[in-house]
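A.B. asks: Fold the stuff below for me.
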Amino acid sequence: MTTDDNAAKKSRRTRTGVEPDSETREVEITWTVPAALFQFRIATAERLRRLTAPDAGIEKMRARLRRLRAEDLAAELVLPQSGRTRSWFLTEHGARIAGACPELAEVPAPRLPGDATAFKYALWHQLAVVSTHLTFLADARARGDGYGPFDFIPEITHRFAEGRDGSVRPDGLLYYGVRERGGAVARLRAFVEVDRGTIGAERLGSKLRPCCLGRRAACR
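C.D. replies: Sure, this is the predicted structure:
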């Protein structure tokens, strides 16, 4: 790097207060948040931090969410019996903008709250699904496996035969790349079904059997 290059870089730092790559990264994270809310429907600030910027502090994520709220892209609600924990979701305007991203073309549009009270009480399961994804994600990051923040698609219908019983709609479809010896990556897919202990073993089994049938059909 020449002296002129160093001077130009120093000048850019003086004008912006941050390294150019840090500034770009901040913009990327800020606009990754609406994409995450589009794909995962709803999430707390902490879940969004772990999803998109695990090395950053929680206050940075809260500031990003406040900016999205000010632009009418996201809204918040207080979860019942949660110690006033706030969860965030996209507004109609935010869903329309995020849904225009080519990367989200295969993701079903999120259901927006019609009745805010009913919406609050139906969200615990979706938050549990997001937490399940975060568990896979943290483990993959530690292992160096190929699994990113958007490699889990919630509630996508998979059809494997004709008729009413010829499709499954699991809680999530997971794309996972296992890094093997020699550097090769094995590409895996799996259906994920999350239960919070609210249904019995028989009913849970009846939900999982079609997923197994669908998986076998997909492999033929």
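
A.B. asks: residue ranges with poor pLDDT in this protein?
C.D. replies: 1-27, 81-82, 113-122, 159-167, 196-220 (pLDDT under 70).

A.B. asks: go with 50
C.D. replies: The chain contains residues with pLDDT under 50 at 1-20, 214, 216-220.

A.B. asks: what about the strands in it?
C.D. replies: 43-44, 74-78, 86-90, 152-154, 158-159, 167-168, 172-179, 185-192 (DSSP state E).

A.B. asks: mind checking the end-to-end distance for stretch 53-64?
C.D. replies: Start-to-end span of stretch 53-64 (C-alpha to C-alpha, to the nearest Å) is 11 Å.

A.B. asks: ah, wrong one, I meant stretch 173-186
C.D. replies: End residues of stretch 173-186 are separated by 17 Å (C-alpha to C-alpha).

A.B. asks: which residues are contacting it?
C.D. replies: Applying C-beta atoms under 8 Å, 6 or more residues apart in numbering, the contact partners of stretch 173-186 are 133, 136, 140, 143-147, 151-153, 156, 158, 187-192. Glycine gets a C-beta too; all of them are placed from N, C-alpha and C.

A.B. asks: Can you select the buried ones from those in PyMOL?
C.D. replies: Of the contacts of stretch 173-186, the buried ones go into a single PyMOL selection, burial set by 16 or more other C-beta atoms under 10 Å:
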select buried, resi 133+136+140+145+146+147+151+152+153+158+191+192
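
A.B. asks: Which of the strands of the chain sits closest to P54?
C.D. replies: P54 lies closest to strand 43-44 among the strands of the chain, at 13.7 Å (C-beta to C-beta).

A.B. asks: elements contacting that closest one?
C.D. replies: On a contact count with 3 or more C-beta pairs under 8 Å, 6 or more residues apart in numbering; DSSP states H and E, strand 43-44 meets strand 86-90, helix 124-143.

A.B. asks: Return the list of strands paired to that strand, each annotated with direction.
C.D. replies: Sheet pairing of strand 43-44 (DSSP bridges) gives strand 86-90 (antiparallel).

A.B. asks: Alpha carbons of the strand it pairs with, as CSV, please.
C.D. replies: Taking Å, rounded to 0.1, in the frame of the first residue of the first chain, the C-alpha atoms of strand 86-90 are listed here in CSV:
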residue,chain,number,x,y,z
ARG,A,86,-40.5,-7.7,23.4
SER,A,87,-40.8,-9.6,20.2
TRP,A,88,-40.6,-8.0,16.7
PHE,A,89,-42.4,-8.7,13.5
LEU,A,90,-42.7,-7.0,10.1
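
A.B. asks: how about that strand: buried residues?
C.D. replies: For strand 86-90, the neighbour count (16+ other C-beta under 10 Å) marks S87, W88, F89, L90 as buried.

A.B. asks: How about stretch 40-50?
C.D. replies: For stretch 40-50, by 16+ other C-beta under 10 Å, it's F40, R41, I42, A43, T44, A45, R47, L48, R49, R50.

A.B. asks: what's the answer for stretch 66-80, then?
C.D. replies: Judged by neighbour count using 16+ other C-beta under 10 Å, the buried positions of stretch 66-80 are L68, L73, A74, A75, E76, L77, L79.

A.B. asks: what's the farthest-apart pair in these?
C.D. replies: For the buried residues of stretch 66-80, the farthest-apart pair by C-beta to C-beta is L73 and L79; their separation is 20.4 Å.
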